[in-house]
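>>> One predicted model, sequence on top.
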Amino acid sequence: MSSAYSRQEMMAIATGREIRDGELAIFGVGLSMLAGYFAQACHAPGVRAMTEGGVYGATPVGGLPWGIECNRLAVNAVSFTSALDALGCLVASGRCDVGIIGAAQVDRFGNVNTTGIWDGPIGESYRPPKTRLTGAGGANDIACGAKRYLIMVSHEPKRFVERVTYISSPGYLDGGDARDRVGFVGGGPSAIITTLGILRPDPQTHEFQLDAYFPFSGVDEILANTGWNLQVSAGLRVVPEPTLQELAALRRVDQTGMLRR
Amino acid sequence: MSSAYSRQEMMAIATGREIRDGELAIFGVGLSMLAGYFAQACHAPGVRAMTEGGVYGATPVGGLPWGIECNRLAVNAVSFTSALDALGCLVASGRCDVGIIGAAQVDRFGNVNTTGIWDGPIGESYRPPKTRLTGAGGANDIACGAKRYLIMVSHEPKRFVERVTYISSPGYLDGGDARDRVGFVGGGPSAIITTLGILRPDPQTHEFQLDAYFPFSGVDEILANTGWNLQVSAGLRVVPEPTLQELAALRRVDQTGMLRR
Amino acid sequence: MPTKVITLAEAVRRYTWDGMQYASGAALPVGSDAIAFGRELLRQKRRDLHAVFHANTQQLNLLAAAGAVARAECGFSGLEGFGFANGLRRAIEQGRLVLEDFSNLAMALRLLGGALNWPFVPATVNIGSDLQYRRAFEPGIHPNRNKIPAVTDPFSGRQIGAFSPLRPDLAAIHVTLADSDGNAIMLGTEWSRFELSRAAKRVVLLADALVHTDCMRQYPNLVRIPGIIVEAVVYWPFAAWPQASPGMYDVDEAHMKDMNRALGSEEGAAAYVRDYVDSYADLDGYLERIGTGKRAELSNGATAFLLDPYRRWLLPHAEAQALSTGGDA
Amino acid sequence: MPTKVITLAEAVRRYTWDGMQYASGAALPVGSDAIAFGRELLRQKRRDLHAVFHANTQQLNLLAAAGAVARAECGFSGLEGFGFANGLRRAIEQGRLVLEDFSNLAMALRLLGGALNWPFVPATVNIGSDLQYRRAFEPGIHPNRNKIPAVTDPFSGRQIGAFSPLRPDLAAIHVTLADSDGNAIMLGTEWSRFELSRAAKRVVLLADALVHTDCMRQYPNLVRIPGIIVEAVVYWPFAAWPQASPGMYDVDEAHMKDMNRALGSEEGAAAYVRDYVDSYADLDGYLERIGTGKRAELSNGATAFLLDPYRRWLLPHAEAQALSTGGDA
């Protein structure tokens, strides 16, 4: 039994549980960093965490960092190098065990769009989006290079689409062996963790299926909030709710309460 | 009029005179470094000197450095970076104005061998040299990338050969436009400075010709010590002997008297 | 040795022009961005810039909002924890600015390629996605094969991609400490400032503080940008404000948010330029604009200890200012 | 956090094997070479090594002279001011060791390519010379097209070369200071230790001194090798001796010359191994072998000031030794 927790907190904890002790892991800013440092604070004290700025050995102090180079991280790092080092030598090289990225849109094959929202397909000629987003950042590099990666995204129909308008970070592309044909060193997304549950790819088709729902959600709610015909895994399960220890660890990391808003 | 000086000292001074104030210059260890730092001490105080280790702003202290990372250079450097930076970003990029390299053998087109001495041609199948030398080191990178470079070499028939057995560092290859056809960013050797005089390439054929002799040498001695049919430039001149100021500057740099042995 | 320290106004006059390829930005949106240089670009009415920013910063956000940028290339176009970059997105959405998208590693690699003067850089990222197939600078072709063309690995025979190297006309780079010859120390991640300093045709440093060269001789391994590749040094405390400079000052959270809110509209942007770009006459005026109390508060952050080893070599404000040549402040 | 500090003997036992690709060497022949690791390789009778050294050092000279190396790749094969490397050249001339020649930049680039896991690295140097056309590992082909094959730039259509990346099984890297988690500071040029630390499958550090992690948190920009990529740390003062370690000790000129002279003959090499490889039982024995007076003299060099900022964090000898796990010294 645990105390009250938010959907965002459940998502962060479920994501953190995917990270194993000792792994080389890269976290982005925001939710991704909270989930990662939660894992370190809770069950994976030996996780070898980095950010794409080449910031090593740091633990956020004074609240969630504003960015991956924020002074809240710079305050206790043991090493600062560079983007080329972190994203190149340690991630694109295939060395990094796990990364966490966010998404504005994600599709049935785990492709991610963080570039923009268009009014319909882009068409043959490129044109600016109606709503410009943040671009690929380091997420594309993580998606290409990390051994596996996790996608964290709020579960809403507009975000879960049949096909993303623009692939900013490749999942399994058209599914099947499409990803292998490009020759990426990284293995692709191993899970999409949402505010309602967890989706995992079918080993052959690489289409994402509903693998688990949260104690406060259910299959119907998830299907209603997914913009494609989501298949439900034969082994569908309910995710255990956060333990008191997990919640305490998360809230130490999320000092400024970003996930409780 | 100047006091007595050695042939090696004349060679170092003649080499140093080729370096202009403000140039970005790379020096190797030994004679090359003496010539370069002589120029800095004498007429080119603003020369931007580096070594291939990425040692910037240093002036040797306590005698000639044993190597380009010797503590005699490390003692007053303003910046240490790396080989990739010095030889890559600053030299192979085409940014460096001038480099100085040495040679065990040099040929009529300014190609340099520092790899080994074989008993005759190597033949179709590669085989180890009879006498193994130091290899290409950073000289090949300087020869490919520096805007121009200077070759310093003792003037002996065994060193001045029709064709080097092994091209460790490219001069003008087969002459003519052979160098251009490879597409090097660097311009090639601008002079061979020896213990007897100075050779410079013909602008078209790129064959090295005798451009100047030292006060203590002469055309006959130079021809007798050159293993190919050396052409004499129409503008042949005698190199002015070292001034007292030049000798004093050189000897401050050559504190341990390497050039006077 | 003559000093390379010049005023900010002189640096912009001397090294910038309309239509140039201008590189800046630094260690991600919330830190070490030479935004003071961008403010001066606006004061001198530079326009039609081709901006090369590894990642967007408040500088690019401001330049874009003010209409000074025609084309931009970057890896990340947001403001991290501060949300979307309202000035930049407005310019893109209105079609006033064409943004070419790459990833953050791609930008670092393209700068490395420029630094090494390679004709192309091997690409194992960005391939297989719309970063490869869509080219904003050449919109009519789809899928585009010119942005990140294929190249065949001669060892295995398999295909990867090729990035085009970057060689910007000028890089304005924020550093924590510089001496008068341009030797510079960065505290905090380099992000891609090392590669950028070698890739750019010219480098101007914006230093939060000047130090005696003895500091560099004590810490030569920290001097990742040596003076031999630096054109000029500008002394400009709080050069990255409202962004952070590790060891020097924290991010000014309130100003970050207010600024981004303002840049979201035409009128807001104009007001911001009036109040925070055109409003000061010189460095001291700029520092007054931030405010004495605010500067003291930001300087008192948890990373201040990072600066401790270098404090003994810091030139006092008046002495540092007196080094500047080039006329007005 | 468990310490990564282990004894030298344990490091060699755990991470090396006959026939492996072994990378070491460091900042050129006269400085920062992890030669103590090479001595231990000989003590444990490792052989048939494929040595990857950016440039030759006394370590490669010794390993080659003692017959432990079958193949080697390097950029520079001499000893700089100390002349030719007699042990290495003897092994090459006698055909006991096959040396593949590259330039110094080529080796750095090949390590960078390994670090980035690229299939090839663009080559604008080494092409057009016998470094490209002659391949010692494949001697029968001339001109050789497999060592540095041509690759076509997809932007211009012109040809350049392609280097094969290096991914050695192990890198033994000399660093000035390390903490028990493997965060490391190098004083003096990195040469290619940064790239090597990322290219190698495993990294073992040989540190002249151990420091408290607080030192790393004070100087994170100096920690160019973070512990997250380091397998083990060996505490070994004078690890580069007779070569130099800037800030720590000068080159031992007499020993450099005597050693190189000895390695020039079979008997001399055997005597050297007897006297300076097999002669000590542990670290203290090694340090005695160098001699108290000599160590004091070498430590008193003109670069000693470079170490000053870090002295307060140095672990005393006994404390540093006590951190080692893994049985005998």
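That came in fine, so what should we check first? Residues are numbered from 1 along each chain as shown, chains lettered A, B, ... in the order given.

>>> if I look at the closest residue to C:T325 other than its chain neighbours, how far off is C:Q321?
Of all residues not flanking C:T325 in the chain, C:I6 sits nearest, at 5.6 Å (CB to CB, 6 or more residues apart in numbering or on different chains). C-beta coordinates here come from the backbone N, C-alpha and C atoms, glycine included. According to CB to CB, to the nearest Å, C:I6 stands 12 Å off from C:Q321.

>>> same question, A:R252
Taken as CB to CB, the span from A:R252 to C:Q321 is 45 Å.

>>> Between the two, which is the more surrounded one?
Set side by side, A:R252 and C:Q321 show more neighbours around C:Q321, with 18 against 12, by other CB atoms under 10 Å in any protein chain shown.

>>> Let me see the contact set for the residue nearest to C:T325.
Neighbouring residues of C:I6 by CB atoms under 8 Å, 6 or more residues apart in numbering or on different chains: C:14, C:232-234, C:324-326.

>>> Just read off the phi/psi values of it.
phi -130, psi 170 (degrees, to the nearest 10).

>>> again, but for C:A91
For C:A91, the backbone dihedrals are phi -60, psi -40 (criterion: degrees, to the nearest 10).

>>> could you flag which of the contacts of C:I6 are buried?
Among the contacts of C:I6, those classed as buried by 16 or more other CB atoms under 10 Å in any protein chain shown are C:232-234, C:324, C:326.

>>> Could you check the pLDDT of the residue nearest to C:A91 when sequence neighbours are not counted?
With sequence-adjacent residues excluded and distances taken as CB to CB, 6+ apart, C:A91 is closest to C:L97, at 3.8 Å. Per-residue pLDDT puts C:L97 at 98.

>>> Same check on C:G326?
58.

>>> Can you report how many residues lie near the residue nearest to A:A35 when sequence neighbours are not counted?
Distances taken as CB to CB, 6+ apart place A:T15 nearest to A:A35, at 3.9 Å, with adjacent residues excluded. Counted with other CB under 10 Å, residues neighbouring A:T15 total 25.

>>> In contact with A:T15, which residues?
Taking CB under 8 Å, 6+ apart, one finds A:31-32, A:35, A:100, A:150, A:152, A:193 in contact with A:T15.

>>> try 7 Å this time
A:35, A:100, A:150, A:152, A:193 (CB atoms under 7 Å, 6 or more residues apart in numbering or on different chains).

>>> Check A:N71 too.
With contact set as CB under 7 Å, 6+ apart, A:N71 has these partners: C:244, C:246, C:250-251, C:301-303.

>>> Centre of the chain to stretch A:71-81, how far?
23 Å (CA atoms, centre = their mean, to the nearest Å).

>>> now swap in stretch C:98-112 and tell me
With CA atoms, centre = their mean, you get 14 Å for stretch C:98-112.

>>> What separation is there between A:D107 and A:W66?
30 Å.

>>> For the contacts of C:I6, give me JSON lines that also has secondary structure.
What follows is those, written out as JSON lines (DSSP: H, G, I helix; E, B strand; the rest coil):
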{"residue": "C:R14", "secondary structure": "helix"}
{"residue": "C:A232", "secondary structure": "strand"}
{"residue": "C:V233", "secondary structure": "strand"}
{"residue": "C:V234", "secondary structure": "strand"}
{"residue": "C:S324", "secondary structure": "coil"}
{"residue": "C:T325", "secondary structure": "strand"}
{"residue": "C:G326", "secondary structure": "coil"}
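
>>> Which member of these is positioned nearest chain D?
C:V233 (19.3 Å; CB to the nearest CB).

>>> Please verify my assumption that that closest one contacts C:D208.
No - with contact defined as CB atoms under 7 Å, C:V233 does not reach C:D208; the gap is 11.6 Å.

>>> The helix ranked longest in chain C and chain D in contact?
Across chain C, the longest stretch assigned as helix under DSSP state H is helix C:104-116. No - using CB under 7 Å from any CB of the partner chain, helix C:104-116 stays clear of chain D, with a minimum separation of 7.9 Å.

>>> Could you do stretch C:203-212 as well?
No - Stretch C:203-212 stays clear of chain D (CB under 7 Å from any CB), getting no nearer than 14.4 Å.

>>> likewise stretch C:133-145?
No - Stretch C:133-145 lies out of reach of chain D by CB under 7 Å from any CB, never closer than 8.9 Å.

>>> Contacts only, for the residue of chain A found nearest chain C.
Nearest residue of chain A to chain C: A:T134, at 3.1 Å (CB to the nearest CB). Residues near A:T134 by CB under 7 Å, 6+ apart: A:114, C:76-78, C:84.

>>> Pick the one among the residues you listed closest to C:R295.
C:G78 (27.0 Å; CB to CB).

>>> Next, the closest one: phi, psi?
Backbone torsions for C:G78, taken as degrees, to the nearest 10, come to phi -100, psi -160.

>>> how close does the closest residue to it other than its chain neighbours sit to A:I101?
Leaving aside its sequence neighbours, C:G78 sits nearest to A:T134 (CB to CB, 6+ apart; 3.1 Å). Remark: distance between A:T134 and A:I101 (CB to CB) = 11 Å.

>>> Ok, C:T325 next?
In terms of CB to CB, C:T325 sits 48 Å off from A:I101.

>>> can you check C:N61 too?
Going from C:N61 to A:I101 by CB to CB gives 23 Å.

>>> Between the two, which is the more surrounded one?
Shown here are C:N61 and A:I101; by other CB under 10 Å, C:N61 has more neighbours (32 against 29).

>>> what about whichever strand or helix holds the more buried one, distance to the chain center?
Assigned by DSSP states H and E, C:N61 falls within helix C:58-65. Its chain's C-alpha centre and that of helix C:58-65 lie 11 Å apart, by CA atoms, centre = their mean.

>>> What helices and strands are in contact with it?
If you count contacts as 3 or more CB pairs under 7 Å, 6 or more residues apart in numbering or on different chains; DSSP states H and E, helix C:58-65 packs onto helix C:35-43, strand C:49-53, helix C:86-93, helix C:253-263.

>>> Now render the ones you listed as a markdown table, adding mean neighbour count.
Converted to a markdown table, the helices and strands packed on helix C:58-65 look like this (neighbours: other CB atoms under 10 Å in any protein chain shown):
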| stretch | mean neighbour count |
| --- | --- |
| helix C:35-43 | 24 |
| strand C:49-53 | 26 |
| helix C:86-93 | 25 |
| helix C:253-263 | 19 |
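
>>> now those as CSV including mean pLDDT?
Converted to CSV, the helices and strands packed on helix C:58-65 look like this (pLDDT from 0 to 100):
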stretch, mean pLDDT
helix C:35-43, 98
strand C:49-53, 98
helix C:86-93, 98
helix C:253-263, 97
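
>>> Assign C:F155 to helix, strand or coil.
coil.

>>> So it sits against D:S164, correct?
Yes - under the criterion of CB under 7 Å, C:F155 makes contact with D:S164 at 6.3 Å.

>>> out of those two, which sits in the more crowded spot?
D:S164 (21 against 15).

>>> Correct me if wrong: that one contacts C:D153.
No - under the criterion of CB under 7 Å, D:S164 is not in contact with C:D153, lying 10.2 Å apart.

>>> Overlap in contacts, the two.
D:F120.

>>> Write out the residues of the stretch 101-250 of chain C neighbouring chain A.
C:101, C:103-105, C:108-109, C:112, C:124-131, C:134-136, C:139-140, C:142, C:158, C:188-192, C:194-195, C:244, C:246, C:250.

>>> Show me those residues that map onto helices.
Using DSSP H, those in helices are C:104-105, C:108-109, C:112, C:130-131, C:194-195.
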